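[1] what follows is a predicted structure for the sequence shown.
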Amino acid sequence: MIITIDGPSGAGKSTVSRALAKILSYPYLDTGALYRAIAYKIKKDKSAVEDASYLSRLAESLNLKLEREGSTPRVILDDIDITDLLRTEEIGLLASRISALPIIREVLLPIQRNFGSLGSIIAEGRDMGSVVFSHADFKFFLTASLSERVRRRCKELRGAGLIPDPETVKKGMILRDRQDSERAVAPLRVPADARVFDSTDLTVDEVVTAMRMALKDPP
Ligand code: C5P
């Protein structure tokens, strides 16, 4: 069984995906973490997104793994666990920039599909239902108002010990929304056969309950 959850940043996809994965005992495929891992590597290598020869070397030698166990599956890059270094706004924005590059999307495609080929999963991202798992059994699209998404992201950053400026977070989110929906390759779209949930006024439990109900009522 493949269940996809797509949507813009800050809509609550990760929290809901984790909760659903735990209830169903399915591994959780966090595809944003894969894009973030590449952004992290580019930053660490002090390379430029425009450097085509660096990117093709990176694509050829990429050593990136996502573990299948746990509610926050570990991201292993070059045999080092970088999971806890990926959730910053800077890495998120860089991930959004590089995710528009076909070479990056191509190199991540087999990693994502292999993950799905080994059994049931909850796959979360921007193009899960539209591209990577277009044959998924269930497709959800989770959204929320911009102000609510900003509020949640600030809360998440505070939880990570940071002191976010809501205006900066809002600007970053608007930029990311635009980059993710306007890119030529695999833009953020509501898949035709997806069930759409607006989580603005819903708790995590309410969204998860609504999704579980939907899962009992196949398309
Ligand atoms: O979901 P998360 O904020 O971790 O994703 C980081 C960035 O990675 C997104 O803004 C998006 O540009 C990109 N991404 C993507 N396709 C996915 C998952 C993430 O383009 N399936």
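    On my side now, so go ahead.
[2] what's the closest non-adjacent residue to L142?
    When the adjacent residues along the chain are set aside, L142 lies closest to G7, with 4.0 Å between them (Cβ to Cβ, 6 or more residues apart in numbering). In short, each C-beta sits where N, CA and C put it, glycine included.
[3] give me the neighbour count for that neighbour.
    Residue neighbour count, defined by other Cβ atoms under 10 Å, stands at 26 for G7.
[4] give me the distance between it and D127.
    Going from G7 to D127 by Cβ to Cβ, to the nearest Å gives 11 Å.
[5] need the overlap of contacts for those two.
    Common neighbours of G7 and D127 (criterion: Cβ atoms under 8 Å, 6 or more residues apart in numbering): L188.
[6] tell me which element the residue in the chain sticking out farthest from the centre falls in.
    For the chain, the residue at maximal distance from the C-alpha centroid (Cα atoms, centre = their mean) is S53, at 26.3 Å. Under the criterion of DSSP states H and E, S53 resides in helix 52-61.
[7] could you say what helices and strands that helix packs with?
    Contact analysis of helix 52-61 by 3 or more Cβ pairs under 8 Å, 6 or more residues apart in numbering; DSSP states H and E lists helix 31-44, helix 102-117 as its packing neighbours.
[8] enumerate every residue touching the residue nearest the centre of the chain.
    The central residue of the chain, meaning the one whose C-alpha is nearest the mean C-alpha position (Cα atoms, centre = their mean), is G32 at 2.9 Å. Contacts of G32 were listed using Cβ under 8 Å, 6+ apart, and they are 9, 14, 95, 124-126.
[9] can we see that at 7 Å?
    95, 125 (Cβ atoms under 7 Å, 6 or more residues apart in numbering).
[10] and for R18?
    R18 is in contact with 28, 71, counting by Cβ under 7 Å, 6+ apart.
[11] buried sites along the strand or helix carrying it?
    Counting by DSSP H and E, the element that carries R18 is helix 13-24. By 16 or more other Cβ atoms under 10 Å, the buried positions in helix 13-24 come out as 13-21, 24.
[12] including distance to R74, could the residues you listed go into CSV?
    As requested, the buried residues of helix 13-24 are exported to CSV (distance: Cβ to Cβ, whole Å):
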residue, distance to R74
K13, 19
S14, 15
T15, 18
V16, 20
S17, 16
R18, 14
A19, 19
L20, 20
A21, 15
L24, 20
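[13] which one of the residues you listed sits closest to S199?
    Set against S199, the nearest of the buried residues of helix 13-24 by Cβ to Cβ is V16 (7.6 Å).
[14] wait, that closest one sits on D205?
    No. At 9.7 Å, V16 does not count as touching D205 under the criterion of Cβ atoms under 7 Å.
[15] rewinding a little: just want the angle from the helix holding R18 to helix 31-44.
    Helix 13-24 and helix 31-44 meet at an angle of 130 degrees, taking axes from the mean of the first three to the mean of the last three Cα atoms, to 10 degrees as the criterion.
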